[in-house]
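Asks: build the 3D model from these lines:
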Amino acid sequence: MDFSLHVPEIVLGDFMLPWGMVIGALGFLLAWLMMGALEQLRLTRHIWNLPLFFIALAVLCGSVLGLLFAP
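Replies: Predicted coordinates:
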């Protein structure tokens, strides 16, 4: 019986990478790409506090990815 989907770590050789770290990094990258698209469309000039908006967007993206790909 294979229990690999129930383990919250990703095994890379002898190193176990926490699942939340991978989802957090992917959420950060997705938010970074979304901010780049907003910059190209010049929509960021309507945002009052841009760094705070980026952090909130990264948390939102990480949460959505975590809900979609939960082990």
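
Asks: quick one: the helices in this protein, in order.
Replies: 19-40, 50-68 (DSSP state H).

Asks: quick check: buried residues in stretch 14-33?
Replies: W19, I23, G24, G27, F28, L30, A31 (16 or more other CB atoms under 10 Å). In this view, the C-beta of every residue, glycine as well, is placed from N, C-alpha and C.

Asks: for those residues, which one is nearest N49?
Replies: A31 (15.0 Å; CB to CB).

Asks: thinking again about what came up before, can you redo the buried residues of stretch 14-33 as JSON lines with distance to E39 and pLDDT?
Replies: Shown next, in JSON lines, are the buried residues of stretch 14-33 (distance: CB to CB, whole Å; pLDDT from 0 to 100):
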{"residue": "W19", "distance to E39": "31", "pLDDT": "85"}
{"residue": "I23", "distance to E39": "24", "pLDDT": "91"}
{"residue": "G24", "distance to E39": "22", "pLDDT": "93"}
{"residue": "G27", "distance to E39": "19", "pLDDT": "96"}
{"residue": "F28", "distance to E39": "16", "pLDDT": "98"}
{"residue": "L30", "distance to E39": "15", "pLDDT": "98"}
{"residue": "A31", "distance to E39": "12", "pLDDT": "98"}
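
Asks: how about those residues in TSV, adding distance to P51?
Replies: Output for those, formatted as TSV (distance: CB to CB, whole Å):
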residue	distance to P51
W19	27
I23	22
G24	17
G27	16
F28	13
L30	17
A31	12
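
Asks: closest to S63 among the residues you listed?
Replies: The nearest member of the buried residues of stretch 14-33 to S63, counting by CB to CB, is G27 at 7.4 Å.

Asks: before we move on, the earlier item: for the buried residues of stretch 14-33, which two are the farthest from each other?
Replies: Among the buried residues of stretch 14-33, W19 and A31 lie farthest apart (CB to CB), at 18.7 Å.
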